[in-house]
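Peer 1: sequence first, predicted model second:
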Amino acid sequence: MATPRGKAGAPVWLFDLDDTLHDASTAAFTGISAAMTAYIERELALSRPDAEALRGHYWRRYGATLLGLVRHHGVKSAHFLHDTHALPGLESRLRSHPHDLAALARLPGRKFILTNAPRAYAERVLTTLGLWRYFDGVITIEQMAMFGHLRPKPDARMLRHVAVRLKVKPHRCVLVEDTLEHQKAARRVGMGTVWMRRWIGQTRAHRPGYVCARIRSLQALARWR
């Protein structure tokens, strides 16, 4: 597999958080989805079925339910993110793999979290799983604003901006991520792409052309770099 590091050394790694570094499908996603539906139902005075339909519609159209709510309903992003990511008891449900922690410790190059989750939630996950010490920084959705508008993954402009902020060319970055749409956008701006498959279903097992590598463990990154 090709490496994007070139002659200057190890790449700059951009790690997604949920379903990449931990099993968010089990620990968090059910609660987040339910909280989003309840939020839409309450704040927009919709029925539960209509709220569920609108949540899904905005997710498909914008890549994030929040963007549709901000654009069409004037929802305040901070209020939405706080309300939908409260998740009582989250810490007791979080799981990671010791082998992954060892792999992160050995992996050369700068490493950053790049997540569409809010800061408070990311901090809870990273603290509980003991992940802070492996990363040089954490970029959350609050830091993905451009020209006054949120531009979370898979926004290509934001991905280019992240590279600028980190003072590195996009082709020197590698996005490790479970979501294919985010992988596609990263590859379009020249980043390397690694598709994490550990915690997601097997309904689409083949590797699309815009994915440089497919892995089921972070240990495999050492073989790819």
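Peer 2: Okay, I see it.

Peer 1: quick one: the helices in this structure?
Peer 2: For the chain, the helices defined by DSSP state H cover 24, 30-43, 48-62, 65-73, 77-84, 90-93, 98-106, 119-129, 156-165, 180-188, 221-224.

Peer 1: what residues sit buried inside the fourth one?
Peer 2: Of the residues in helix 65-73, those buried by neighbour count under the rule 16 or more other C-beta atoms under 10 Å are 65, 66, 67, 68, 69, 70. In this view, the C-beta of every residue, glycine as well, is placed from N, C-alpha and C.

Peer 1: residue 156: which of those residues is nearest?
Peer 2: Taking C-beta to C-beta as the measure, residue 156 lies nearest residue 67 of the buried residues of helix 65-73, at 14.8 Å.

Peer 1: mind giving me the domain ranges of the chain?
Peer 2: The chain breaks down into these domains under automatic domain parsing: 6-23+95-224, 27-90.

Peer 1: ok, of the ones you listed, where does mean pLDDT dip lowest?
Peer 2: Among the domains of the chain, domain 6-23+95-224 carries the lowest mean pLDDT, a mean of 91.

Peer 1: still on that earlier bit, winner for burial among the helices of the chain?
Peer 2: helix 24 (a mean of 24; mean count of other C-beta atoms under 10 Å).

Peer 1: need the contact partners of that helix.
Peer 2: With C-beta atoms under 8 Å, 6 or more residues apart in numbering as the test, helix 24 has contacts from 17, 18, 199.

Peer 1: okay if I get these as CSV plus distance to residue 212 and neighbour count?
Peer 2: Shown next, in CSV, are the contacts of helix 24 (distance: C-beta to C-beta, whole Å; neighbours: other C-beta atoms under 10 Å):
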residue, distance to residue 212, neighbour count
17, 20, 24
18, 21, 23
199, 20, 18
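
Peer 1: return the member of those nearest to residue 207.
Peer 2: Proximity of those to residue 207 (C-beta to C-beta) peaks at residue 199, which lies at 17.2 Å.

Peer 1: so the closest one is in contact with residue 27, correct?
Peer 2: No: counting by C-beta atoms under 8 Å, residue 199 does not reach residue 27; the two are 9.9 Å apart.

Peer 1: between the contacts of helix 24, which sits nearest residue 134?
Peer 2: Closest to residue 134, out of all of those and judged by C-beta to C-beta, is residue 17, at 12.3 Å.

Peer 1: need the contact list for the nearest residue to residue 187 once chain neighbours are set aside.
Peer 2: Excluding its sequence neighbours, the residue lying closest to residue 187 (C-beta to C-beta, 6 or more residues apart in numbering) is residue 210, at 3.9 Å. Residues in contact with residue 210 (C-beta under 8 Å, 6+ apart) are 183, 184, 187, 188, 193.
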